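**Student:** no FASTA, just this:
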């Protein structure tokens, strides 16, 4: 009897571990809107707890951010998307997503628990809808992805210049991670993704006139540098704020420099929580 009970217990624990892995995989589809990276890669998922229930499992997810004053809009977007993707798992009956240690944690967590929606949570402070926020950051991510692909082409082909980079088409790009990322972002925006499509386009998918191409590329580079810089900065802040959180982060190849792999100087931040 004891052996049988132990075997059932072991099977139960293994099943819960697999369930937690499924939850983490689902959360991997949730992106930080500003950094354009999965929250799992950034280390923003603090904990995942799965408990069995007769009408479906109960899943509790805790999120953490690099600072207590990260944008409430971004924080809500990530928390709301997290609840949506976990709720979509067929074996899940109830989902609780909570944001820890943020100055608007109480407000955001209450809104999520009540399924109040973005405007219902923030009221008159909600200036834009979630769809408008998503569109804005999807466009930024697409702009950065274009620049990465074209900069790689400029480095690989000495004959290619900024003046004629506007003629590069998707079919000219070599296969790989950078091109795949660009195609995904174009698809998310409903932009042409066939091989004949021009790479450098505006938000509506229109190629730039030849005389505007150099300036468009430089603006795209500025967007990409901002995203890459913020991503590395936020990763460092999270590691400083939460000891050991670096183990939950995945290396980011985009924009990486040798200096990114240096050890951080000893530094301790003490926060006073009411």
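**Tutor:** Cool, the structure landed. Quantities reported herein were computed from a predicted structural model and do not represent experimental measurements.

**Student:** Am I right that residue 83 is in a helix?
**Tutor:** Yes: looking at residue 83 with DSSP: H, G, I helix; E, B strand; the rest coil, it is inside a helix.

**Student:** Surely it touches residue 98?
**Tutor:** No: using CB atoms under 8 Å, residue 83 is not in contact with residue 98, being 9.9 Å away. Glycine gets a C-beta too; all of them are placed from N, C-alpha and C.

**Student:** Quickly list what's touching both of the two.
**Tutor:** In terms of CB atoms under 8 Å, 6 or more residues apart in numbering, residue 83 and residue 98 are both contacted by the residues 61, 112.

**Student:** give the contact list for the residue most central in space within the chain.
**Tutor:** Centroid-nearest residue in the chain, with CA atoms, centre = their mean: residue 31, separated by 2.1 Å. By CB under 8 Å, 6+ apart, the contact set of residue 31 is 37, 38, 39, 78, 81, 141.

**Student:** please redo it, this time with the cut-off set to 6 Å
**Tutor:** residue 38 (CB atoms under 6 Å, 6 or more residues apart in numbering).

**Student:** and it, backbone torsions?
**Tutor:** Dihedral pair for residue 31: phi -110, psi 140, per degrees, to the nearest 10.

**Student:** And the pLDDT at residue 4?
**Tutor:** The per-residue pLDDT reported for residue 4 equals 43.

**Student:** again but with residue 121, I slipped
**Tutor:** 92.

**Student:** what bits of the stretch 101-250 of the chain have low per-residue confidence?
**Tutor:** 127-128 (pLDDT under 70).

**Student:** Which stretches in it count as helices?
**Tutor:** 105-113, 117-122, 130-156, 177-189, 213-241 (DSSP state H, counting those that start in this stretch).

**Student:** Out of the ones you listed, flag the one nearest residue 249.
**Tutor:** helix 213-241 (5.9 Å; CB to CB).

**Student:** relative to helix 130-156, how tilted is the closest one?
**Tutor:** Computed by axes from the mean of the first three to the mean of the last three CA atoms, to 10 degrees, the angle separating helix 213-241 from helix 130-156 equals 110 degrees.

**Student:** and helix 213-241, which residues are buried?
**Tutor:** 213-214, 216-217, 220-221, 223-224, 227-228, 231-232, 234-235, 238-241 (16 or more other CB atoms under 10 Å).

**Student:** My guess is residue 224 contacts residue 143. True?
**Tutor:** No: with contact defined as CB atoms under 6 Å, residue 224 does not count as touching residue 143 (7.2 Å).

**Student:** can I assume residue 178 is in contact with residue 151?
**Tutor:** No: assessed by CB under 6 Å, residue 178 is found out of contact with residue 151, at 9.3 Å.

**Student:** More neighbours: these two, which one.
**Tutor:** residue 178 (19 against 16; other CB atoms under 10 Å).

**Student:** Distance check, the more buried one against residue 146.
**Tutor:** To residue 146, residue 178 is 10 Å away according to CB to CB, to the nearest Å.

**Student:** Could you do residue 119 as well?
**Tutor:** Residue 119 sits 32 Å away from residue 146, going by CB to CB.

**Student:** Neighbour count for those two, which is higher?
**Tutor:** Neighbour count, other CB under 10 Å: between residue 119 and residue 146, residue 146 has more, with 24 against 15.

**Student:** hmm, who's touching stretch 173-188?
**Tutor:** 138, 141, 142, 145, 148, 149, 152, 193.

**Student:** Pull the contacting residues for the second one.
**Tutor:** With contacts defined as CB under 6 Å, 6+ apart, the neighbours of residue 141 are 36, 185.
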